[in-house]
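Enquirer: need a 3D model of the following:
(3 chains)
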Amino acid sequence: MPELPEVAYQKKYADATILHKKIVKVETGDKKIYQSDKKDFEKVLQNNQFTGSERLGKYLFLNLEKNRCLVVHFGMTGKLEYYQHDEVPKYAQLTLTFEDYSRVSFTCPRKFGKLYLADSLTEFQKENNLGIDALALGKPEFFEILDGKTGTIKGLLMNQKLIAGIGNLYADEVLFQAKIHPTTKIDKLSEKEKQEIFKEIEKVLEVVKEARVEGKKLPDTYLTSVRKKGEDCPRNNGKIEQIKVSGRTTYFCPTCQKEKS
DNA sequence: TCGTGTGTTCAGGT
DNA sequence: CACCTGAACACACG
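Expert: Numbering: from 1, shown residues only, chains lettered A, B, ... in the order given. Below you'll find the model as predicted:
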């Protein structure tokens, strides 16, 4: 389930399990996961160790001792699994064994995950045209990003080149909380609505991140917990509807989120 | 059985 | 040219 909040959880998980241990064995999986030669990964990781981690949008950067980093993108179903036993988990695409014989696997059943080697977060961000992290976004930058755009607001929120970290689920949540219809064209938004969306980006991501990292439940005022066609709107204003926006399944409440004419 | 889907990329249209 | 949309990708799951 990896949008920004879930990746924040993976970062916490990595920090608690795999730092400062020498990697003594590297096992790689399906070639399509690896964004450069698997041999390079083996060479870089073998006898190296992780010294810390960073996050940008949906990407996790595991920094290595010698100025490089392993970059993890979780796709739709990826996650890290740390364990002490011998059998490798199902769907493991990378397994590292540490000198204390504990291990970490990157598992990814649907193979939409990706692994990269990069020099630094900044270099990777530039190289891949990633936008500013959604939690580092300031109001002036957000208004700047909206300026001159003509597409749907939901499409913009999910565009990683503009804002990094928001995916399908939380784009719906932000718009539900802000009471904006997902197909609203950006150039039709009032100043007040733009402010509201900005406010809810910060709020929703903080709340969900907190919940994911601390293992708590989401508030029941959230769309995410009833994200299903025909469910009752969390504000009790009607039934949730399902449409397609920017190619993605979209849930919203037609009463709370009125369409503009 | 078959449709669906939390991810990105990329071709093609405006 | 910059921007936008939607199909394609691979495969588990209900």
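Enquirer: quickly note the distance from residue A:237 to residue A:136.
Expert: Per C-beta to C-beta, to the nearest Å, residue A:237 is found 33 Å from residue A:136. For glycine as for every other residue, the C-beta is placed from the backbone atoms N, C-alpha and C.
Enquirer: next one: residue A:242
Expert: 32 Å.
Enquirer: how about residue A:111?
Expert: 30 Å.
Enquirer: between the two, which is the more surrounded one?
Expert: Higher neighbour count among residue A:111 and residue A:136: residue A:111, with 16 against 12, using other C-beta atoms under 10 Å.
Enquirer: wait, what's in contact with that one?
Expert: Listed by C-beta atoms under 8 Å, 6 or more residues apart in numbering, the contact set of residue A:111 reads A:30, A:32-33, A:75, A:93.
Enquirer: what's the answer for residue A:127, then?
Expert: Neighbouring residues of residue A:127 by C-beta under 8 Å, 6+ apart: residue A:118.
Enquirer: now do residue A:71
Expert: Residue A:71 neighbours (C-beta under 8 Å, 6+ apart): A:59-62, A:115-118, A:124.
Enquirer: check which helix or strand it maps to.
Expert: Element membership of residue A:71, judged by DSSP states H and E, is strand A:69-73.
Enquirer: before we move on, the earlier item: which one of the contacts of residue A:71 has the most neighbours?
Expert: Going by other C-beta under 10 Å, residue A:59 tops the contacts of residue A:71 with 26 neighbours.
Enquirer: show me what from the stretch 51-200 of chain A comes close to DNA strand C.
Expert: Counting by C-beta under 7 Å from any atom of the strand, the residues of the stretch 51-200 of chain A lying close to DNA strand C are A:91, A:109-112, A:148-152, A:155-156, A:159, A:186.
Enquirer: need these in CSV (columns: distance to residue A:130).
Expert: Formatted as CSV, those follow (distance: C-beta to C-beta, whole Å):
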residue, distance to residue A:130
A:91, 26
A:109, 25
A:110, 22
A:111, 22
A:112, 17
A:148, 20
A:149, 18
A:150, 22
A:151, 19
A:152, 21
A:155, 17
A:156, 15
A:159, 10
A:186, 20
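Enquirer: and the strands in the stretch 1-150 of chain A?
Expert: Here the stretch 1-150 of chain A has its strands, by DSSP state E, counting those that start in this stretch, at A:23-28, A:50-56, A:59-64, A:69-73, A:79-83, A:92-98, A:103-107, A:114-118, A:132-133.
Enquirer: same thing with the stretch 151-261 of chain A?
Expert: Counting by DSSP E, counting those that start in this stretch, the stretch 151-261 of chain A has strands at residues A:163-164, A:241-245, A:248-252.
Enquirer: can you list these in CSV and add mean neighbour count, distance to residue A:2 and mean pLDDT?
Expert: Converted to CSV, these look like this (neighbours: other C-beta atoms under 10 Å; distance: least, C-beta to C-beta, whole Å; pLDDT from 0 to 100):
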stretch, mean neighbour count, distance to residue A:2, mean pLDDT
strand A:163-164, 24, 13, 94
strand A:241-245, 14, 20, 90
strand A:248-252, 19, 15, 91
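Enquirer: okay, domains of chain A per the record?
Expert: For chain A, the domain assignment from automatic domain parsing gives the residue ranges A:4-127, A:132-219.
Enquirer: what would those domains look like in a markdown table with distance to residue A:249?
Expert: Listed next are the domains of chain A as a markdown table, based on distance: least, C-beta to C-beta, whole Å:
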| stretch | distance to residue A:249 |
| --- | --- |
| domain A:4-127 | 13 |
| domain A:132-219 | 7 |
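Enquirer: and those domains as a markdown table, adding distance to DNA strand B?
Expert: Below are the domains of chain A laid out as a markdown table (distance: least, C-beta to the nearest atom of the strand, whole Å):
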| stretch | distance to DNA strand B |
| --- | --- |
| domain A:4-127 | 4 |
| domain A:132-219 | 1 |
